[in-house]
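[1] structure for this input, please:
(one chain, ligands or ions: 1)
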Amino acid sequence: MFVSPPSLALGVASPDHGRRVYDWWSAHQGIYEGFVRLALFGRGRAARRLGLGALGLDPGEAVLDVGCGAGVNFDALAERVGSEGRIVGLDYSRGMVGGARERASANPIGEVHDVLRPGGRLAVVDARPFQEGLWRALNPLVTPISTYATNWQPDVDIVNAIRRTFADARCWTTNVGTLYVAVGRKVSDS
Ligand SMILES: C[S@@+](CC[C@H](N)C(=O)[O-])C[C@H]1O[C@@H](n2cnc3c(N)ncnc32)[C@H](O)[C@@H]1O
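    Here you go, the predicted structure:
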């Protein structure tokens, strides 16, 4: 029988502790990212790239991202498995899963990008929550009503998804930023 030395046994934290810790971090993502950067001497991104490369993923494959946190690896994984592939994120922290969900829904534009030919354009005319000043105080009232009435998904940041995914992205807004037209152009099939 193997008996852990006391020092090792002391190092084992309960799952509840870990869950609480990561729930807290999930509510303070900015500080968390700074802390991780310091703790890993800024090499976290390079290590992720190494891990991804070692997986050798092909388009269409399915990935289980265990301990996915706020989904920081989702974009890179999605790039490799493509629109035919699948990513399943697993994490015991509800806060982290919430962040991962937001991130996953923040890029709803990928499939449109896939079906356009190079040079094809996308224009979205849509509404979003108030963006400016004191008007934002109305969002907690307006958002649930509009969400219920129109199956609206106000957390999906389409404007930034277009900026990230397409070239020549532009956005015009009116009505205190709530009504917008966002356009972009697909460059290539990569
Ligand atoms: C250091 S973070 C890494 C997050 C992400 N994979 C990344 O690359 O940044 C570890 C994550 O694993 C989760 N985690 C740790 N132990 C877990 C367990 N036993 N079951 C599920 N999730 C776990 C934590 O909640 C946390 O989000």
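[2] give the contact list for the nearest residue to L64 once chain neighbours are set aside.
    Nearest residue to L64, sequence neighbours excluded (CB to CB, 6 or more residues apart in numbering): V88, at 5.0 Å. All C-beta spots, glycine's among them, are computed from the backbone N, C-alpha and C. The contact partners of V88, by CB atoms under 8 Å, 6 or more residues apart in numbering, come to A62, V63, L64, D65.
[3] for the protein, which segments count as helices?
    Here the chain has its helices, by DSSP state H, at 6-10, 15-26, 29-39, 44-55, 74-81, 94-105, 110-115, 139-150, 158-165.
[4] need those helices in a markdown table (columns: mean pLDDT).
    Converted to a markdown table, the helices of the chain look like this (pLDDT from 0 to 100):
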| stretch | mean pLDDT |
| --- | --- |
| helix 6-10 | 42 |
| helix 15-26 | 92 |
| helix 29-39 | 91 |
| helix 44-55 | 94 |
| helix 74-81 | 87 |
| helix 94-105 | 88 |
| helix 110-115 | 85 |
| helix 139-150 | 90 |
| helix 158-165 | 87 |
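[5] any chance of those helices in TSV, plus distance to T174 and mean neighbour count?
    Converted to TSV, these look like this (distance: least, CB to CB, whole Å; neighbours: other CB atoms under 10 Å):
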stretch	distance to T174	mean neighbour count
helix 6-10	61	8
helix 15-26	35	14
helix 29-39	31	12
helix 44-55	39	12
helix 74-81	31	17
helix 94-105	25	18
helix 110-115	23	14
helix 139-150	16	12
helix 158-165	14	18
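[6] before I go, just wanted to say thanks for your time.
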